[in-house]
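In: let me see the structure of the following:
(one chain, ligands or ions: 1)
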Amino acid sequence: MSTDPVSTIRTVTVVGAGYMGGGIAQVLAMAGLPVRIADVSVEAADAALERILGEARASEDQGLVPAGSADAVASHLTAGQSIEEAVAEADFIEEAVFEVPDVKHEVLGRISAAARPEAIIGTNTSTIPVRVLAPAVSHPERFLTVHFSNPMPFIPGVELVAGDATTQGAIDAVKDLLARADCEGAQVADTPGMVLNRLQYALLKEATSVVEEGVATVDDVDTIVRTTFGFRLGFFGPFAIADQAGLDVYANCFSTFEEAYGERLATPQLLKDAAAEDRKGLKNGKGLVEDYDDETRAELIAYRNKAYARMRDVLREVGPAPRGTRRGQD
Ligand SMILES: NC(=O)c1ccc[n+]([C@@H]2O[C@H](COP(=O)([O-])OP(=O)(O)OC[C@H]3O[C@@H](n4cnc5c(N)ncnc54)[C@H](O)[C@@H]3O)[C@@H](O)[C@H]2O)c1
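Out: Down below sits the predicted model:
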């Protein structure tokens, strides 16, 4: 028999209070939700609680989170005695144990057996499809991937993936929870690696090829990424960036890529269609996925310029990242 998942999440349990689970618990407790954590043992959960409270205090002392955040975490976060005890009353349970399907199956089975049937269960898996994990859960209509990013207290984006049975109500309840915690959820299809890691790993793969081919050193790759398109990514995604550069420019560049690298970097159909419709992006107001009237265009350019100018200020203030010892030179 199917059960409607809760429509408003008021209490949370995080199972697996390691690096990610600890950060997730911290952020949700900071947002004022009662949060319980559970781990392999009561000792592990207690130790995680101490660690999270210390991290919350340190973040506040460094001015990285609003004043009062550490107290909010201290008053909202508790450690459970066991997975079963910790999940019994929760509206939402987030599983954040090791990225090993068998371990996740076992833990999700225990969570679903002990939780209320209407409790929503999320998995923080980075790569495992929902359809692989859903069989571990009874009432799969309340199960979905809720993939937070690292370091959780500071990165707001969350990927959501519904399984075949997941109800829209469960997705909406999680989106509402995320909004209350100042996070932003985006729903994507059930594929290995989803969107974030597929794009991020594609970048690493191409960066590795560039170095292996002797095109650039690791340092030069990093410098180019940080100082050029990486600069834009805090504000815009790839489609908006293409519109701003000019779709005709992109089409010409893809021709060169296709000639050099073949199918792997061939012109995407979306861009071919745009060229056929004389879509040039911001320059003629006809973009890849949206059109821009003159007023929006002017506002967008002003926003972009302000964003990048401020980005330079932030980088000057924060300074370069500390470096380790280069391998082979120690
Ligand atoms: N580290 C990242 O950058 C990152 C980013 C996004 C998503 N994730 C995903 O989050 C999940 C957790 O990753 P992490 O980096 O926090 O790992 P982690 O090793 O820091 O934490 C895992 C926690 O799960 C606990 N655990 C393991 N088996 C358990 C069990 N049977 N019962 C209860 N607790 C158990 C461990 O004791 C540990 O505290 C993984 O699925 C990972 O892919 C990680």
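In: show me what contacts the residue in the chain that the ligand sits nearest to?
Out: Residue nearest to the ligand within the chain (Cβ to the nearest ligand atom): Gly18, separated by 1.9 Å. Yep, even glycine has a C-beta here, placed from its N, CA and C like the rest. By Cβ atoms under 8 Å, 6 or more residues apart in numbering, Gly18 lies in contact with 39, 48, 96-97.
In: on the three-state scheme, Gly122 is what?
Out: Following DSSP: H, G, I helix; E, B strand; the rest coil, the label given to Gly122 is strand.
In: what's the closest non-adjacent residue to it?
Out: Val146 (3.3 Å; Cβ to Cβ, 6 or more residues apart in numbering).
In: how near is that neighbour to Ala134?
Out: Relative to Ala134, Val146 is positioned 14 Å away (Cβ to Cβ, to the nearest Å).
In: what residues does the strand or helix carrying Leu315 touch?
Out: Following DSSP states H and E, the helix or strand that holds Leu315 is helix 294-318. Defining contact as Cβ under 8 Å, 6+ apart, one finds that helix 294-318 is touched by 231-232, 234-236, 244, 282, 285, 292.
In: kindly recompute the last result at 7 Å.
Out: Residues from elsewhere that reach helix 294-318 (Cβ atoms under 7 Å, 6 or more residues apart in numbering): 231, 234-235, 244, 282, 285, 292.
In: pLDDT averaged over the strand or helix carrying Thr78, what's the number?
Out: Assessed by DSSP H and E, Thr78 sits inside strand 77-79. For strand 77-79, mean pLDDT is 98.
In: and if you look at stretch 106-123?
Out: For stretch 106-123, the per-residue pLDDT averages 98.
In: please begin residue numbering at 29 from this point
Out: Okay, using 29 as the starting number, the last item reads as stretch 134-151.
In: now it: buried residues?
Out: Residues of stretch 134-151 classed as buried: 135-136, 138-140, 142-144, 146-151 (neighbour count, 16 or more other Cβ atoms under 10 Å).
In: a markdown table for those, including secondary structure?
Out: A markdown table is the format used below for the buried residues of stretch 134-151 (three-state DSSP):
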| residue | secondary structure |
| --- | --- |
| Val135 | helix |
| Leu136 | helix |
| Arg138 | helix |
| Ile139 | helix |
| Ser140 | helix |
| Ala142 | helix |
| Ala143 | coil |
| Arg144 | coil |
| Glu146 | coil |
| Ala147 | coil |
| Ile148 | strand |
| Ile149 | strand |
| Gly150 | strand |
| Thr151 | strand |
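In: now these as JSON lines including distance to Arg208?
Out: Shown next, in JSON lines, are these (distance: Cβ to Cβ, whole Å):
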{"residue": "Val135", "distance to Arg208": "26"}
{"residue": "Leu136", "distance to Arg208": "25"}
{"residue": "Arg138", "distance to Arg208": "27"}
{"residue": "Ile139", "distance to Arg208": "22"}
{"residue": "Ser140", "distance to Arg208": "24"}
{"residue": "Ala142", "distance to Arg208": "25"}
{"residue": "Ala143", "distance to Arg208": "21"}
{"residue": "Arg144", "distance to Arg208": "21"}
{"residue": "Glu146", "distance to Arg208": "19"}
{"residue": "Ala147", "distance to Arg208": "18"}
{"residue": "Ile148", "distance to Arg208": "14"}
{"residue": "Ile149", "distance to Arg208": "19"}
{"residue": "Gly150", "distance to Arg208": "15"}
{"residue": "Thr151", "distance to Arg208": "20"}
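In: before we move on, the earlier item: packing partners of the helix or strand hosting the residue nearest to Gly150?
Out: If you go by DSSP H and E, Val174 is part of strand 171-176. For strand 171-176, the elements it packs on are strand 148-151, strand 185-190, helix 196-208, judged by 3 or more Cβ pairs under 7 Å, 6 or more residues apart in numbering; DSSP states H and E.
In: swap in 8 Å and give it another go.
Out: Under the contact criterion of 3 or more Cβ pairs under 8 Å, 6 or more residues apart in numbering; DSSP states H and E, strand 171-176 touches helix 47-58, strand 148-151, helix 158-161, strand 185-190, helix 196-208.
In: pick the most deeply packed of those.
Out: Each of the helices and strands packed on strand 171-176 was scored by mean neighbour count; the highest is strand 148-151, a mean of 28, by mean count of other Cβ atoms under 10 Å.
In: which residues are contacting that strand?
Out: By Cβ under 8 Å, 6+ apart, strand 148-151 touches 33-34, 37, 119-123, 132, 136, 139-140, 143, 158, 161, 165, 170-174, 198, 201-202.
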